[in-house]
Structures are given as C-alpha cells and as structure tokens.
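In: pasted the sequence and its predicted model underneath.
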Amino acid sequence: MVVRRFFEDRHRRFGATREALDWSAHGQLRRFEVLGEVADFSGRSVLDVGSGLGDFLAFLAPRSHDVRYTGYDIVEAFVDHARSRFPDAAFQVRDVLREGIAGEFDLVVSSGLHNVENGGNEEEMASFLRKAWDAAKVAVAVNMLSARADKQSEGRHYYDPGRLLHLALGLTRYAVLRHDYLPHDLTLYLYREPR
C-alpha cells in the first residue's frame, strides 16, 4: 500500500516526530483547531482516523474533559508510540477502508488521511466519508488538501472543494465546508442535526 509505505519510510527517517507525519508545527496546530471547532468534545466518544502519534489527543486534553478517545492508524510504529504516550487511550492498527469502523462514536475526525497520491484518492475519500458518517452519532470533521491551493506539491492529492461538499450533502443536509484557515486546505463538517 502506497500510503503505508510512505509513512513507514518517513518514520524510519524521522522517528516519532511531526516530520514523520509530514506536518509543519503551524499547519498541524491550525488543522487541529479547525477540527476542534466542529463541536464540544467534552464528555464525548471520539474516533480519530489516521491518529498518527496521538497528537490530536494531546491537543484535546487541555481543552476538553472526559473525552473517550480511540485512534486508528495503519502504521504500527505510530500506534505503538501513541500507546506508550497515552496508555489510557485506545489506539489500534486498523485500515478503515478495508476493515470498516468498529462501533459508533459521537464524533469521527480525520486530519490529512488521504493527502498522499495513490491513484484512488477520490474513490477512497468517498468511501471514507460514508464509513465515517455511518459511525458518527453527532458529527464528522475531516480535512484534506484543496485543489484551490495556491501551490501544489508532487505526490500529493488535492480535492475539489465543490465535489467534496456535494459528497457531504449526499449524506446529510447539515454540511459545512471550511476553506478559510490555510491557503491549501479544506475541512468538511457533517452534522446529524442543525447546529
């Protein structure tokens, strides 16, 4: 699998660092802030798909209380590191596209999960949104690279914001497209009820 090899290689090169996740400090924080605005996380169950090293849980901890967190990632080394970092949280090696999501969660979030070009990004994103929506009792928040980015890098996949909003509106009438926080990103919120 292209994506797994990409991140395993980065982990070998950079270790358990933000660089292994292919994020800058500013970009990661800003994406987490926007994901965190989807809803109040306090007292809720949260599934983080593509949880990496557990950084979103570290972001949530001082901002929310009593969060019941589960993280899925396809890279075993990331999951091992996250488990040692947060022994009270649940981290699993799981490929959502092939294995699905086990159970229901109040909130399902994902940050940059499908940004590495693999030839099937569009179909995988559509499948992921359906799986995330089916597992979410309150809302889904997912971010990705935007085709409206002011510059694009080779080996990355950039999504058309209008197409993604159309996919979201096919699942719920209560959808929000955020395209206002970084020059190369978009975030979708999907809600069960009006906000």
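Out: Perfect, thanks for sending it. The model shown is predicted, which means the values in this text are computed figures rather than measured ones.
In: now do the helices in this structure.
Out: Ranges of helices within the chain are 2-14, 25-36, 55-60, 76-85, 96-99, 121-135, 161-169, based on DSSP state H.
In: show me what the third one is packed up against.
Out: So the one you mean is helix 55-60. For helix 55-60, the elements it packs on are helix 25-36, strand 45-49, strand 68-73, judged by 3 or more Cβ pairs under 8 Å, 6 or more residues apart in numbering; DSSP states H and E. From N, CA and C alone the C-beta is placed, and that goes for glycine too.
In: pLDDT below threshold where in the chain?
Out: Residues of the chain meeting the criterion pLDDT under 70: 2-4, 6-11, 17, 20-24.
In: please repeat the previous calculation with a cut-off of 90.
Out: Within the chain, the ranges that satisfy pLDDT under 90 run 1-28, 53, 75, 77-78, 112-117, 150-151, 153, 155-156, 195.
In: now do the contacts for residue 82.
Out: Contact analysis of residue 82 by Cβ atoms under 8 Å, 6 or more residues apart in numbering lists 51-54, 57, 71, 73, 89, 91.
In: spit out the contact partners of the residue nearest to the spatial centre of the chain.
Out: Geometric centre of the chain, nearest residue: residue 110, 1.3 Å, by Cα atoms, centre = their mean. Neighbouring residues of residue 110 by Cβ under 8 Å, 6+ apart: 48-50, 128, 132, 141-143.
In: can we see that at 7 Å?
Out: Residues near residue 110 by Cβ atoms under 7 Å, 6 or more residues apart in numbering: 49-50, 132, 142.
In: repeat that for residue 190.
Out: With Cβ under 7 Å, 6+ apart as the criterion, the residues that contact residue 190 are 133, 139-140, 168, 171-172, 175.
In: one more time with 6 Å
Out: 133, 140, 168, 171-172, 175 (Cβ atoms under 6 Å, 6 or more residues apart in numbering).
In: can you redo the helices and strands packed on helix 55-60 as JSON lines with distance to residue 149 and mean neighbour count?
Out: Supplementary listing: the helices and strands packed on helix 55-60 in JSON lines, determined by distance: least, Cβ to Cβ, whole Å; neighbours: other Cβ atoms under 10 Å:
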{"stretch": "helix 25-36", "distance to residue 149": "12", "mean neighbour count": "16"}
{"stretch": "strand 45-49", "distance to residue 149": "23", "mean neighbour count": "24"}
{"stretch": "strand 68-73", "distance to residue 149": "25", "mean neighbour count": "22"}
